[in-house]
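Enquirer: structure for the following, please:
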Amino acid sequence: MPLVYNGMEVCDSAESTDPGLFEKIPILWGIGKRRPECARFYRKMIALRKGNRALRRGDVTWLENSEPQKVVSFLRTSAGEQTLVVVNTASERVKALLPQPRLQGWLDVTPDLSTDAVATPSVVGGQTLELGPWGFKVLKRP
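Expert: A predicted model of the protein is given here:
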């Protein structure tokens with residue numbers, strides 16, 4: 001289950017001191033008007049999760065990849081639906097080879113976070129995914 005910390009939904013990046021879990025920190029709600037990309041990000045990610053049973057429920061299989069120090073990859077399966085998530089946890093661009101599953105023909109359903117438009121799924125060909133800094137890909141078996 002994704003976790004949103006205090007203020008993240010409006011890009012309030014105020015940091016607390018350690019231990020910050022029990023501190024009362026006011027959210028700077030006005031930041032959201034200056035940074036509409038945050039609301040767009042959460043709207044699109046919520047829609048992706050709602051429209052994908054495997055992301056809400058199902059089994060998780062952690063997958064090997066060629067960049068284990070930088071990339072996390074896992075497969076979610078539920079009622080015949082399979083969704084693959086690949087996340088770059090590094091601040092640099094990375095190319096990751098995923099030996100399994102065979103990605104040929106999977107649909108890239110990663111939301112386009114740069115616009116409010118709905119992204120058109122594209123077909124994946126090959127076993128290597130290129131991810132920008134902190135980037136991610138969500139693929140779905142058709």
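Enquirer: so which residues of this structure form strands?
Expert: 59-62, 71-78, 81-88, 94-97, 107-108, 122-123, 128-131, 136-140 (DSSP state E).
Enquirer: put together a markdown table for these, with mean neighbour count and mean pLDDT on each row.
Expert: Placement of C-beta: from N, CA and C, glycine included. Output for the strands of the chain, formatted as a markdown table (neighbours: other CB atoms under 10 Å; pLDDT from 0 to 100):
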| stretch | mean neighbour count | mean pLDDT |
| --- | --- | --- |
| strand 59-62 | 11 | 94 |
| strand 71-78 | 18 | 95 |
| strand 81-88 | 20 | 94 |
| strand 94-97 | 16 | 93 |
| strand 107-108 | 16 | 89 |
| strand 122-123 | 12 | 76 |
| strand 128-131 | 17 | 90 |
| strand 136-140 | 21 | 92 |
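Enquirer: between these, which one is closest to residue 42.
Expert: Closest to residue 42 of the strands of the chain, according to CB to CB: strand 136-140, at 14.5 Å.
Enquirer: and the closest one, which strands flank it?
Expert: Partners of strand 136-140 in the sheet, by DSSP bridges, are strand 81-88 (antiparallel), strand 107-108 (antiparallel).
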